[in-house]
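> pasting the sequence and the predicted coordinates here, then a few questions.
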Amino acid sequence: MLMSVLRGLAAISLAVLPLTIPAPAHAAETLPLAEAVTRLPVDTESRDGYSRDAFRHWNTGDDPSDGCNTRAEVLLAEAVEPPVVGPGCRLTGGSWWSYYDQVWVTSASGLDIDHMVPLAESWDSGASAWTAQRREAYANDQGAATSLVAVTARSNRSKADQDPAQWLPPAAGVHCRYVAEWVATKLRWSLAADEAEVTALDEVAAGCPYQTVTYEPAP
């Protein structure tokens, strides 16, 4: 009788166990830039049906209780000298380093939050097939430090929705970093690249033998 009870308890434990163990997170991976480029699926791109409104941003951010939206949270995370946070998450003071053009910025209003892979480019590369919820997650992604970057409004607007075949940061010394972050973002979100883009990425990677790419697949 006792053995039957024990076996029954063991069976119940085994049945319940999968419900109490969280699913394993996707592991981050680090690899050389040149190899990372080869991981990108190559496909043609299409902007048919694109609208910026398809990507809801900025939302309430990672911490809805802080009163700051995603834009403000990124500014706070990337500040070299933290700003003062006032009512309504108004930011005053602080300083930021815009790495695209190597410029110090001392006013939050002088900064844009750049989507490393622009919304239109992500649409072209696969996001057109996503749900509205996934596009919102992409547009507000703070799960990877490289997905959103605070830079001067001038450099962000110069970049617009162009990929590395069309635009690279004006500061040539950061091209290795920029391309690595571009590739990491595309790999994180399983976005494709067209042939001209891959060619440009390969050309930059050839001059960056020590540059690595670290990415973790988006949930």
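The structure has been received and is ready for your questions. Numbers count the residues shown, from 1 in each chain.

> C-alpha only now, for contacts and for neighbours.
Fine.

> ranges for the strands of this structure?
Taking DSSP state E, the strands of the chain run over residues 29-32, 84-85, 91-92, 96-98, 103-105, 111-115, 148-152, 212-215.

> possible to save those as CSV with distance to residue 190, mean neighbour count and mean pLDDT?
CSV is the format used below for the strands of the chain (distance: least, Cα to Cα, whole Å; neighbours: other Cα atoms under 10 Å; pLDDT from 0 to 100):
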stretch, distance to residue 190, mean neighbour count, mean pLDDT
strand 29-32, 14, 14, 97
strand 84-85, 36, 14, 98
strand 91-92, 34, 17, 98
strand 96-98, 27, 21, 98
strand 103-105, 32, 15, 98
strand 111-115, 16, 21, 98
strand 148-152, 17, 26, 98
strand 212-215, 11, 21, 98
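
> go through those and name the closest to residue 48.
strand 111-115 (20.2 Å; Cα to Cα).

> contacts for the closest one?
71, 74-75, 105, 139, 147-153, 156 (Cα atoms under 8 Å, 6 or more residues apart in numbering).

> which among those residues gets closest to residue 83?
residue 75 (8.8 Å).

> any idea how far the closest one is from residue 150?
6 Å (Cα to Cα, to the nearest Å).

> what do you get for residue 74?
Distance, residue 74 to residue 150, by Cα to Cα: 7 Å.

> now swap in residue 101 and tell me
Taken as Cα to Cα, the spacing of residue 101 relative to residue 150 amounts to 12 Å.

> and residue 51, by the same measure?
23 Å.

> what score does residue 27 have for pLDDT?
Reported pLDDT at residue 27 in the predicted model: 88.

> wait, which of the contacts of strand 111-115 is closest to residue 199?
residue 147 (22.1 Å).

> the closest one: what's its closest spatial neighbour, skipping adjacent residues?
Nearest residue to residue 147, sequence neighbours excluded (Cα to Cα, 6 or more residues apart in numbering): residue 116, at 5.4 Å.

> is residue 73 in contact with residue 59, as I believe?
No: contact criterion Cα atoms under 8 Å: residue 73 and residue 59 do not qualify, at 10.5 Å.

> settle it for me: which of these two has more neighbours?
residue 73 (19 against 15; other Cα atoms under 10 Å).
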